[in-house]
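>>> Okay, here's the prediction I keep looking at, along with the sequence it came from:
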Amino acid sequence: MERQNQSRGDRILQAFESLQHIDRRVMYALLAIVVAFPLIRNFRQPLVVTWPVQGAYDTIEKMPADKLAIIDILWDSGTIAESRPQTEALIRHLMIRNKKFAIVAFMPQGNKLAYDSAKAIGKELGKVYGKDWIDWGYRPGGAMIQFMMGLGRDIPGTVKSDIEGKPVTSYPIMQGVKSIKNGDVGLIAEVTPSGTLDYWIAFVYGPYRTPIIYCPTAVMAPEGYNPLDAGQIKGMLTGMKGAAEYESLLGRKDFATRATSSLSTSHLLIIVLIIIGNIGYISSRRRRREG
Amino acid sequence: MFTQWLVKPGAPQYLWVLAVLGDFLILGGALFFLLRMVPSRFRKTLVAIVTFGAGLIYSVEFFVPVPAGKDGNFLTNFAQKTVTDVVLVLSTFALGLGIYSLLRFHGRNLTRMRPGWHNSLALYVAFFAMLLTGFWSMMSKAPAAANTFDVLFRGTVAAPGATMFSIIAFYIVSAAYRAFRIRSAEATLMLAAAFVVMLGSVPIGEYLTSGLPVTGFWSNFRMENVNLWILKEPNMAAWRGISFGVEIGALAMALRTWLSLERGSFFEREL
């Protein structure tokens, strides 16, 4: 009887042990389902606005309307799911509040993607290119630092022409805009999946104290907390959830709000899989000890 | 150079394109020819001198004080305008060189019908399709031009780019499942922190503790606040430590490159 009980326990442990060897194709299929399902069914989830996002929102609210905001685009199609909603949320906010902004891209793909977004939102809100917003176009990443330093001293001389190849000085939005040093720029928003925030802090925030908003992808967010704590950046939109929080501040339910449900389900799947894997691991350890 | 001499502002765009190509071919060819004339034993020395000089401009510009009432010192204008233009021109040369090298490599694959030649053919088709529609959309005001480029850009550049990156999610799930095992006390601590950050980064995690008050002592235990505390306190301490290490390493690396002391595949090769 005791032997029978022992073999039954052994069989149970063996069954649990197999939980640490789930076929990866099963996991891939599960992930595909849990990501797609909320997007199709459009789940509703409560969203809490965190203080870094509120800080970013307040910075735009406080920016004087006669100053120019610069949106730095450092993303391309690889991070479009996170970076585009962030960019669009910022653009929409600036346009709603009638604040002027310029887009500058250090990634060739991001250049067009951000321009298309701004054009579409501008059309929706009745904003005019060259008067309410401008796109300075693409600048090679290799000359990023020189570009930032140049903006500090002479914006028209550094930027020269816009995305359409026309001199920036020919647009009404650029009239009176001389330099960051002159106090003509009220905000810099960096939307990026890479670690380039330090450049803006070193070459623009350091000498001129221009407020910065940081919009990294979720994996890059940990490096934003140091400058956030030091006050070098005024707010942060962390990945898609940051964009969703921003959308809720704007009273909208755009792509990020819908897609955060997929984030929830996929994170839950990872947690469940980790727990299952650990049940298998503990069972195998116990079985080895008993055996 | 030729662009400035030959093409006046307001000239048609195709003239600008031709002028830039002329610049690239004539000046680039001349520069390449001159560099080839340098005896091979002096080439490394030449590269070292140019590297040192380029690095020196920024170091001196940074350290020399700015005279009172001025925007910068004697090097500021040169460093921020002329050197920026030089960097842009060099980047353009690098782009041309990259395209030439890529097309040459895949051209050989195609002409010799090596295994995988169809991938090279796909590259050629994609490259010229984007190039031609890009120029077409730039020079023509016809809606068809912009639409064709848009369709190609969204369908064959942006969509695969996003797809490739999103595939990482599948590997992350698989890797997290295999890697997060409670083998030790440290691993258990990391797992607990990971759970909190994962849950605190999504709305469902916030929902779990939504019953707690928004202000006061108990609000500290709301998932989003615990998540932010982990990111703002322990994460920040660790990040600072890592940053110090990385910056010191970067400084050492920059000095080695600047002074041409670096050793390795490129630096020890015959130029």
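That came through fine. Residues are numbered from 1 along each chain as shown, chains lettered A, B, ... in the order given.
>>> Off-centre distance for whichever strand or helix holds residue A:258?
Per DSSP states H and E: residue A:258 is located in helix A:255-290. Here helix A:255-290 is found 25 Å from its chain centre; the criterion is C-alpha atoms, centre = their mean, to the nearest Å.
>>> elements contacting it?
Under the contact criterion of 3 or more C-beta pairs under 8 Å, 6 or more residues apart in numbering or on different chains; DSSP states H and E, helix A:255-290 touches helix A:2-17, helix A:24-41, helix A:80-96, helix A:239-249, helix B:168-179, helix B:185-200, helix B:203-208. Glycine gets a C-beta too; all of them are placed from N, C-alpha and C.
>>> ok and the residue in the stretch 1-150 of chain A nearest chain B?
Here the stretch 1-150 of chain A gets closest to chain B at one residue, residue A:77, 3.1 Å apart by C-beta to the nearest C-beta.
>>> That residue: neighbouring residues, count only.
24 (other C-beta atoms under 10 Å in any protein chain shown).
>>> Skipping its backbone neighbours, what lies nearest it in space?
residue B:161 (3.1 Å; C-beta to C-beta, 6 or more residues apart in numbering or on different chains).
>>> For the residue of the stretch 1-150 of chain A closest to chain B, give me the pLDDT.
pLDDT, residue A:77: 92.
>>> Residue of the stretch 51-200 of chain B nearest chain A, please.
For the stretch 51-200 of chain B, C-beta to the nearest C-beta, closest residue to chain A: residue B:161, 3.1 Å.
>>> which other helices and strands contact the helix or strand containing that residue?
For residue B:161, the host element (DSSP H and E) is helix B:159-166. Contact partners of helix B:159-166 among helices and strands, from 3+ C-beta pairs under 8 Å, 6+ apart: helix A:80-96.
>>> Show me what the helix or strand just after the helix it packs on is packed against.
Downstream of helix A:80-96, the next assigned helix or strand under DSSP H and E is strand A:100-105. Judged by 3+ C-beta pairs under 8 Å, 6+ apart, strand A:100-105 is in contact with strand A:68-73, helix A:80-96, helix A:108-125, strand A:133-138.
>>> Make CSV from these and add distance to residue B:94 to it.
Formatted as CSV, the helices and strands packed on strand A:100-105 follow (distance: least, C-beta to C-beta, whole Å):
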stretch, distance to residue B:94
strand A:68-73, 21
helix A:80-96, 25
helix A:108-125, 14
strand A:133-138, 15
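>>> buried ones in the helix holding residue B:161?
Under the neighbour-count criterion of 16 or more other C-beta atoms under 10 Å in any protein chain shown, helix B:159-166 has B:161-162, B:165 buried.
>>> how about JSON lines for the residues you listed, with pLDDT and distance to residue A:35 added?
Shown next, in JSON lines, are the buried residues of helix B:159-166 (pLDDT from 0 to 100; distance: C-beta to C-beta, whole Å):
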{"residue": "B:161", "pLDDT": "89", "distance to residue A:35": "18"}
{"residue": "B:162", "pLDDT": "91", "distance to residue A:35": "13"}
{"residue": "B:165", "pLDDT": "90", "distance to residue A:35": "14"}
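>>> Flag every residue of the stretch 1-150 of chain B that's near chain A.
Counting by C-beta under 8 Å from any C-beta of the partner chain, the stretch 1-150 of chain B comes close to chain A at B:9, B:13, B:71-72, B:76, B:79-81, B:83-84, B:87-88, B:90-92.
>>> how far away is the residue positioned nearest the centre of chain A from residue A:226?
Residue closest to the mean C-alpha point of chain A, counted by C-alpha atoms, centre = their mean, is residue A:239 at 3.6 Å. Separation of residue A:239 from residue A:226 (C-beta to C-beta, to the nearest Å): 18 Å.
>>> what residues are up against residue B:121?
The contact partners of residue B:121, by C-beta atoms under 8 Å, 6 or more residues apart in numbering or on different chains, come to residue B:110.
>>> mind listing what's buried in the host helix or strand of it?
According to DSSP H and E, residue B:121 maps onto helix B:117-139. For helix B:117-139, a neighbour-count test (16+ other C-beta under 10 Å) marks B:120, B:123, B:133, B:137-138 as buried.
>>> Output those as CSV; include the columns pLDDT.
Converted to CSV, the buried residues of helix B:117-139 look like this (pLDDT from 0 to 100):
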residue, pLDDT
B:120, 96
B:123, 94
B:133, 93
B:137, 88
B:138, 83
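>>> per-residue confidence for the closest residue to chain B within the stretch 151-291 of chain A?
Relative to chain B, the nearest point of the stretch 151-291 of chain A is residue A:264 (3.7 Å; C-beta to the nearest C-beta). As predicted, residue A:264 sits at a pLDDT of 92.
>>> The nearest residue to residue B:187 once chain neighbours are set aside: which element?
Spatial nearest neighbour of residue B:187, chain neighbours left out: residue B:181 (6.5 Å); criterion: C-beta to C-beta, 6+ apart. Using DSSP H and E, residue B:181 sits in no helix or strand.
>>> wait, residue B:181 sits on residue A:281?
Yes - at 4.9 Å, residue B:181 and residue A:281 qualify as touching, with contact defined as C-beta atoms under 8 Å.
>>> ok, residue 67 - how many residues close by?
By default, I'm working from chain A. 16.
>>> Chain B was what I was after
Residue B:67 - counted by other C-beta under 10 Å - has 10 other residues nearby.
>>> ok, residue A:165 to residue A:137 distance?
Distance from residue A:165 to residue A:137, counting by C-beta to C-beta: 8 Å.
>>> Buried deepest among the helices and strands packed on helix A:255-290, which one?
Greatest average neighbour count among the helices and strands packed on helix A:255-290 goes to helix A:239-249 (a mean of 26), per mean count of other C-beta atoms under 10 Å in any protein chain shown.
>>> Can you show me the CA trace of it as CSV?
What follows is helix A:239-249, C-alpha atoms only, in CSV (Å, rounded to 0.1, in the frame of the first residue of the first chain):
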residue,chain,number,x,y,z
GLY,A,239,6.1,53.0,-23.9
MET,A,240,2.6,52.3,-25.1
LYS,A,241,1.1,52.6,-21.6
GLY,A,242,2.5,56.1,-21.2
ALA,A,243,0.9,57.0,-24.5
ALA,A,244,-2.4,55.4,-23.3
GLU,A,245,-2.3,57.5,-20.1
TYR,A,246,-1.6,60.6,-22.2
GLU,A,247,-4.6,59.7,-24.4
SER,A,248,-6.8,59.4,-21.3
LEU,A,249,-5.6,62.9,-20.2
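>>> from the middle of its chain, how far away would it be?
Worked out by C-alpha atoms, centre = their mean, helix A:239-249 lies 9 Å from the chain centre.
>>> Contact partners for the nearest residue to the residue of the stretch 151-291 of chain A closest to chain B once chain neighbours are set aside?
Closest residue to residue A:264 apart from its sequence neighbours, by C-beta to C-beta, 6+ apart: residue B:204 at 3.7 Å. By C-beta under 8 Å, 6+ apart, residue B:204 lies in contact with A:45, A:264-265, A:267-268.
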